[in-house]
Each structure stands twice: as structure tokens, then as C-alpha cells.
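Engineer: coords below, sequence missing:
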């Protein structure tokens, strides 16, 4: 069964929601290298010298899931979806998602935050972040009957778009009429897929959006990149790259595209560039300075949104309690 327009729309909606959250978190006036409100740049805490990314701890880590935790939540959501399908008499096994990162990447949540930063990985794999990580074959999509598909996606038989409303929370969904009935039972609004998501991430009215903490972390990252101390370090890194024969790149995020490495991120040229990239980062202590700035801007936002983040953390703790009972 090929993905329906609804399945594709889910991914689009997630990206759109991210953009809305980031816009909502933005001060709208630009931060001019300051704190986002036109004020002075925050003081930096201790600046480590060329820290390994695995050693970096940031304030927003308390509100965001590690790779292993994300996989656990995927499994919990799948289980909730399967339980929902079972209420209608269907045996359903959700497709596996998010294989483990493997190797040094497992447990290193900030590995890619500043571009390639590991000298050993750069020398062995260049910019191929998946090198050495076994990737299982993509599972075939489940074969569903028309009725099972209607229950899973909340669609009327023969239609591809979900019928009825799409409540934001499970509490609201319990009061909504999906407009779809299978075997004498009302199908949840948006189907079992949406119910699985809502029960895990938005059980009650007023639940803080799953992407809220991501939006704050992204805003802090943007502010840190414009901080004068990070800008100076980036300039030094760029100059060093130019002296090494790789000019024309202003940030580590441009390296692959501007130096034409897209087709062979693990080849000889990519390894040479990545090795120079990491050498230059270490020469100017880019990761140490940037991580300190990142922490400072994150701390500002944690304090500014303390009440909402406290509510978000309660929801996150509840998710892990639910996970312990299901997986």
C-alpha cells in the first residue's frame, strides 16, 4: 500500500508546526548579536578547550529526548496505536522506525550541532555520519483491509483524507465525532494513528506542544550563531579553512554544499576537507566558544519560559511513566 496524501501531509504539517513555533518564539526584530531583545550579550560560563561533543551539556537537555529516548517514545506510540486497532478487532504491527545511531553517535546528542567535530571520525569517514552504522532494510508497509485502513487513518472507506475534526488533545478527541464508523463503533478522530500520538503527547486540553522545547533550542542556536564571540571564532575558522585550500565557506554548515561533497561524503576529498575542518575548529576553539554561547542563550530562554517548561517537563515525565507501563 503506497502512502496516502494524508500520510505525506503529516510530515508536511510537522515541518509547518516547527516553523510556526520558531516564529512564535522569535522576538521579530532580530537580535543584532545580542540577547534577542536588543540587550547586551549574555556572559559566558566556563569555556572548555576543544571539548568532545559527547561531554557538552546544555540547559535544554532536560527538556529534550536523547536518540534512545526518541526510539522509546516511538515504540510507545506504536503500542498505543496497536491497542487502538485491537479495539476494533484488527491485529496491527506498526512499522519499525529510527534504528539506533550506533558507535560513538549513540549517547552523543550534540554530535552534529557544530558540524563535524571529531578528529577520528573526520579522518575515517569525512562527513558520512552513517558510516559504520548498519541500516536494516526498510520494512514493507503493512497490508491493510479497507476497514482496517479506515480505522488506522480515520478515513471513510474509499477516501484518502481523514473525515471530521482533528482535535489537538485526546481530551478533546474523546468528545469529538470523527464521522467514521466501522463495525458499529465510532473511529477516533484522525484514526488510531492520531489517537496514539495524542495519548502520548497531548493527553489533555492545554498540553504544551511537543515542538515547544525544540523551538526554544533552535532559537537559542540562532542567537548563539550571531553572538559576536561566536562570529569572531567562525571568522577565524573560515580563514583557517581558506589557508588550507578550502576558501569560500563562512560556517561549518556550508562545507558539504559549497565544496561539492554531496555525492561522496565519505570519499578521499571529503576526508581531507573534514580533517582540515576539525583542525581549524580546534585551532580557534570554535566548539568550546560556541557551546558556551549556546548554553548562555538557552539559559536565558529557560528562565524566560520557566512556567511553560515546568508544565512541559511534567508532561514529559508522564510520557516516560506511560512508557514504563507499556514497553
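Structural biologist: Perfect, thanks for sending it. In this text the structure is predicted, and so the values were computed from the model without any measurement. Numbering: from 1, shown residues only.

Engineer: where does this structure dip in pLDDT?
Structural biologist: 1-39, 98-106, 131-139, 327 (pLDDT under 70).

Engineer: quick one: the residue nearest the centre of the chain from residue 60, how far?
Structural biologist: Computing the C-alpha centroid of the chain and ranking residues by Cα atoms, centre = their mean puts residue 214 first, at 6.9 Å. Separation of residue 214 from residue 60 (Cβ to Cβ, to the nearest Å) stands at 9 Å. C-beta here means a position set from N, CA and C on the backbone, and glycine is covered the same way.

Engineer: returning to what we had before: hang on, the residue nearest to the centre of the chain in a helix?
Structural biologist: Yes - Residue 214 sits within a helix when classified using DSSP: H, G, I helix; E, B strand; the rest coil.

Engineer: Hmm, residue 63 and it touching each other?
Structural biologist: No - with contact defined as Cβ atoms under 8 Å, residue 214 does not reach residue 63; the gap is 9.1 Å.

Engineer: Would you state the helices of the stretch 201-327 of the chain in chain order?
Structural biologist: For the stretch 201-327 of the chain, applying DSSP state H, counting those that start in this stretch gives helices covering 212-225, 228-243, 255-258, 268-284, 286-304, 306-326.

Engineer: Those into CSV, with extra columns for distance to residue 176?
Structural biologist: CSV is the format used below for the helices of the stretch 201-327 of the chain (distance: least, Cβ to Cβ, whole Å):
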stretch, distance to residue 176
helix 212-225, 23
helix 228-243, 47
helix 255-258, 45
helix 268-284, 51
helix 286-304, 34
helix 306-326, 21
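
Engineer: Ok, which of these comes nearest residue 144?
Structural biologist: Closest approach to residue 144 among those (Cβ to Cβ): helix 306-326, 22.6 Å.

Engineer: Quick one: work out the angle between that closest one and helix 212-225.
Structural biologist: Here the directions of helix 306-326 and helix 212-225 differ by 130 degrees (axes from the mean of the first three to the mean of the last three Cα atoms, to 10 degrees).

Engineer: how about the helices of the stretch 201-327 of the chain, which one is nearest residue 84?
Structural biologist: helix 306-326 (12.5 Å).

Engineer: Would you mind listing the buried residues in the closest one?
Structural biologist: Neighbour counts over helix 306-326 (16 or more other Cβ atoms under 10 Å) mark 309, 312, 315-316, 319, 322-323 as buried.

Engineer: counting contacts, what elements does it pack onto?
Structural biologist: Contacts defined by 3 or more Cβ pairs under 8 Å, 6 or more residues apart in numbering; DSSP states H and E place helix 306-326 against helix 67-87, helix 191-201, helix 212-225.
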